[in-house]
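Peer 1: The sequence isn't on hand, but the structure is:
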């Protein structure tokens, strides 16, 4: 596995690989890798000839008072995990990689809801760094986690709106046996908080049951079921629980066809989020 | 010469050319080609193996009340000129090429001055379409006119801030014998207005003389000389005449080293702009 902190070196190596007709994969991460990342990298390594991982805690996507400084940066462990999962190349640039862009990428509507509503500028920062990584990596298959659903939808739209030569591949959410979605921020949880954390998934499953088993079509009935389950866990402070259109991210009034159930909130000082798909019978 | 209205076809043809180790050039235009464009295309054809031209009147860079509808679109004549100048490929997409992007490129400081001050959103629209064209064309040498100096500086910064795999090549301004810079908008001028139009260039030369011959270092003295010459032409309504830093576009107080002289204004209903470099002796 080649490790570099120079974007130009990654570009040159991937250009060379493409010149040899190799299929290039890229998995952008903020490090603090866990089993979810390892599953994503294994999938990428199986599907691509060259599996590249970027590790960069992107300051542009953290707001004032967020956990940029505290965000874990266990680089040696990250590299060991990336290699074990089958990465061929890792780009791990220093903080100056973000630069001080005068020209950047702006996300409108899609960034005004859900995570974006509470984190102004967050998705502009994500989209700017992702565009830059794509420009450096060149044509590629880019692996993004379904777990960060709004980010996934925004990256898909970024690629489509700017005609970027990238195929976005969705990496399914990996869960602990009790249903908690793997996340770098789970490491912040105390044992008691960790015990409470599966509440997000239970709430999602409650909403999914209301749609798929009880055949409810009223969006608010689905939300009520999710909020009710979320409210049973005293350590969980709900930010939102919603049933949304899977592409526009807008809340749905009447559930028809495929929708997305999303939830986010805090346990102690740790913000967690999760989502699942649900399918209502058409017509 | 191959002509297509499909971005995907351009992408495929240029991918193929790069696969054959050919050097790809791209000259983005809004059509209404003239001798300036022909000179740019000839330069590109001489320096590259494949010379591609895009012709697209970009709605994203026109504001309300601007001349988007009236902007000339003489496609047959444009294609004849492009071919005569040595273009190998022309992309001329329909108006839907702009799309309705939810995610776009935003230009800060550099867009707040000069042309951008009077045209809010103009350079966001330019940067968004240019990013999209670069994404479609792939790694290339991109030819931009020095005549649109602020645009040139912004495109250079775009490439640098987003690490786009593009080399920006400057195409020197082409002038009529009387000094008027070639521009698609010159076609709007009546004979009397056309007679007055070289005033922009005379004003620039006056500023340049003050710097290079009179060795003035006071920015305001340079501006005064430019404004004085501009004021002698009654048909010319000056918007701005300035001496600026060639990279930051900020007005300079003390002229040192290389600076840029810029001027813009209206003759009748036609907005014209021009610029030249000037070099003060260092220290």
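Peer 2: That came in fine, so what should we check first? In this text, all values refer to a predicted model and were calculated from it rather than measured experimentally. Numbering: from 1, shown residues only, chains lettered A, B, ... in the order given.
Peer 1: Show me the helices in chain A, by range?
Peer 2: A:7-19, A:35-47, A:75-85, A:114-118, A:122-137, A:149-161, A:191-196, A:199-212, A:219-231 (DSSP state H).
Peer 1: which residues are contacting the second one?
Peer 2: Contacts of helix A:35-47 from elsewhere in the structure, counted by Cβ atoms under 8 Å, 6 or more residues apart in numbering or on different chains, are A:23, A:25-27, A:29, A:51, A:53, A:81-82, A:84-88, A:141, A:143, A:145, A:147, A:169, A:171-174, A:181-183. (Each C-beta comes from the backbone N, C-alpha and C, glycine too.)
Peer 1: got the angle between it and helix A:75-85?
Peer 2: Relative orientation of helix A:35-47 and helix A:75-85, computed by axes from the mean of the first three to the mean of the last three Cα atoms, to 10 degrees: 40 degrees.
Peer 1: Any buried residues in helix A:35-47, and which?
Peer 2: Under the neighbour-count criterion of 16 or more other Cβ atoms under 10 Å in any protein chain shown, helix A:35-47 has A:36, A:37, A:38, A:39, A:40, A:41, A:42, A:43, A:44, A:45 buried.
Peer 1: Are any of the contacts of helix A:35-47 buried, and if so which?
Peer 2: Looks like the contacts of helix A:35-47 have A:25-27, A:29, A:51, A:53, A:81-82, A:85-88, A:141, A:143, A:145, A:147, A:169, A:171, A:173-174, A:181-183 buried, using 16+ other Cβ under 10 Å.
Peer 1: which of the helices of chain A sits most buried?
Peer 2: Comparing these by mean neighbour count (mean count of other Cβ atoms under 10 Å in any protein chain shown), helix A:122-137 comes out on top with a mean of 25.
Peer 1: quick check, distance from that helix to the centre of its chain.
Peer 2: 14 Å (Cα atoms, centre = their mean, to the nearest Å).
Peer 1: That one close to chain B?
Peer 2: Yes. Residues of helix A:122-137 are located near chain B by Cβ under 8 Å from any Cβ of the partner chain, namely A:124, A:127, A:128, A:131, A:132, A:135, A:136.
Peer 1: export those residues to CSV and tack on pLDDT?
Peer 2: Below are the residues of helix A:122-137 next to chain B laid out as CSV (pLDDT from 0 to 100):
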residue, pLDDT
A:124, 98
A:127, 98
A:128, 98
A:131, 98
A:132, 98
A:135, 98
A:136, 98
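Peer 1: residues touching residue A:118, list them.
Peer 2: Shown in contact with residue A:118 (Cβ under 8 Å, 6+ apart): residue A:239.
Peer 1: how about the residues of the stretch 151-283 of chain A near chain B?
Peer 2: Within the stretch 151-283 of chain A, the positions adjacent to chain B are A:154, A:157, A:158, A:161, A:162, A:163, A:164, A:165 by Cβ under 8 Å from any Cβ.
Peer 1: farthest-separated two in these?
Peer 2: Distance extremes for these: the farthest pair is A:154 and A:165 at 18.0 Å, using Cβ to Cβ.
Peer 1: if we can go back for a sec, please produce TSV containing the residues of the stretch 151-283 of chain A next to chain B, extended by pLDDT.
Peer 2: TSV is the format used below for these (pLDDT from 0 to 100):
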residue	pLDDT
A:154	98
A:157	98
A:158	98
A:161	98
A:162	98
A:163	98
A:164	98
A:165	98
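Peer 1: show me the contacts for the residue nearest in space to the middle of chain A.
Peer 2: By Cα atoms, centre = their mean, chain A has its centre lying nearest to residue A:148, at 2.8 Å. Contacts for residue A:148 (Cβ under 8 Å, 6+ apart) come out as residue A:273.
Peer 1: just residue A:236 next, same as before
Peer 2: Residue A:236 neighbours (Cβ under 8 Å, 6+ apart): A:196, A:199, A:200, A:230, A:265, A:266, A:267.
Peer 1: right, and the second one touches residue A:229 too?
Peer 2: Yes. In this structure, residue A:199 sits in contact with residue A:229. The criterion is Cβ atoms under 8 Å, and the distance is 7.1 Å.
Peer 1: What score does residue A:283 have for pLDDT?
Peer 2: You'll see residue A:283 listed with a pLDDT of 55.
Peer 1: got it, and residue A:67?
Peer 2: Per the predicted model, pLDDT is 86 at residue A:67.
Peer 1: Below-threshold pLDDT in chain A: ranges please.
Peer 2: For chain A, applying pLDDT under 70 flags the ranges A:282-283.
Peer 1: What residue spans form the domains of it?
Peer 2: Per automatic domain parsing, the structural domains of chain A span A:2-171, A:184-275.
Peer 1: Residues of the stretch 1-150 of chain A that sit close to chain B?
Peer 2: Taking Cβ under 8 Å from any Cβ as the contact definition, the stretch 1-150 of chain A meets chain B at A:7, A:11, A:99, A:101-110, A:124, A:127-128, A:131-132, A:135-136, A:138-139.
Peer 1: who touches residue A:109 in this structure?
Peer 2: The contact partners of residue A:109, by Cβ under 8 Å, 6+ apart, come to A:248, B:102.
Peer 1: need the domains of chain A in TSV with distance to residue B:58, can you?
Peer 2: Converted to TSV, these look like this (distance: least, Cβ to Cβ, whole Å):
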stretch	distance to residue B:58
domain A:2-171	14
domain A:184-275	26
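Peer 1: of all those domains, which lies closest to residue B:252?
Peer 2: domain A:2-171 (18.6 Å).
Peer 1: and the end-to-end length of that closest one?
Peer 2: Domain A:2-171 stretches 23 Å from its first residue to its last (Cα to Cα, to the nearest Å).
Peer 1: next one: it to chain centre, how far?
Peer 2: Relative to its chain's centre, domain A:2-171 lies at 10 Å (Cα atoms, centre = their mean).
Peer 1: What of stretch A:233-244?
Peer 2: Centroid displacement of stretch A:233-244 relative to its chain, using Cα atoms, centre = their mean, is 18 Å.
Peer 1: In contact with residue A:186: list those residues for me.
Peer 2: Residues near residue A:186 by Cβ under 8 Å, 6+ apart: A:34, A:180, A:194, A:197, A:270, A:272.
Peer 1: Now which of those residues would you call buried?
Peer 2: Buried members of the contacts of residue A:186, counted by 16+ other Cβ under 10 Å: A:180, A:194, A:197, A:270, A:272.
Peer 1: Quick check: the fourth one touching residue A:190?
Peer 2: Right, the one you point to is residue A:270. No. At 9.1 Å, residue A:270 does not count as touching residue A:190 under the criterion of Cβ under 8 Å.
Peer 1: so how far is residue B:166 from whichever residue of the stretch 151-283 of chain A sits closest to chain B?
Peer 2: Here the stretch 151-283 of chain A gets closest to chain B at one residue, residue A:161, 4.1 Å apart by Cβ to the nearest Cβ. Distance of residue A:161 to residue B:166, computed by Cβ to Cβ, to the nearest Å: 19 Å.
Peer 1: circling back to that earlier point, with distance to residue A:257 added, can I get the helices of chain A in CSV?
Peer 2: Listed next are the helices of chain A as CSV, based on distance: least, Cβ to Cβ, whole Å:
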stretch, distance to residue A:257
helix A:7-19, 38
helix A:35-47, 27
helix A:75-85, 35
helix A:114-118, 20
helix A:122-137, 26
helix A:149-161, 16
helix A:191-196, 33
helix A:199-212, 11
helix A:219-231, 13
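Peer 1: closest one to residue A:281 among these?
Peer 2: helix A:199-212 (8.6 Å).
Peer 1: what about that closest one, distance to the chain center?
Peer 2: Chain-centre distance of helix A:199-212: 20 Å, with Cα atoms, centre = their mean.
Peer 1: and it, what does it pack onto?
Peer 2: Judged by 3 or more Cβ pairs under 8 Å, 6 or more residues apart in numbering or on different chains; DSSP states H and E, helix A:199-212 is in contact with helix A:219-231, strand A:236-244, strand A:258-267, strand A:270-279.
Peer 1: Let's have the ones you listed in CSV, adding distance to residue B:258.
Peer 2: What follows is the helices and strands packed on helix A:199-212, written out as CSV (distance: least, Cβ to Cβ, whole Å):
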stretch, distance to residue B:258
helix A:219-231, 61
strand A:236-244, 53
strand A:258-267, 52
strand A:270-279, 50
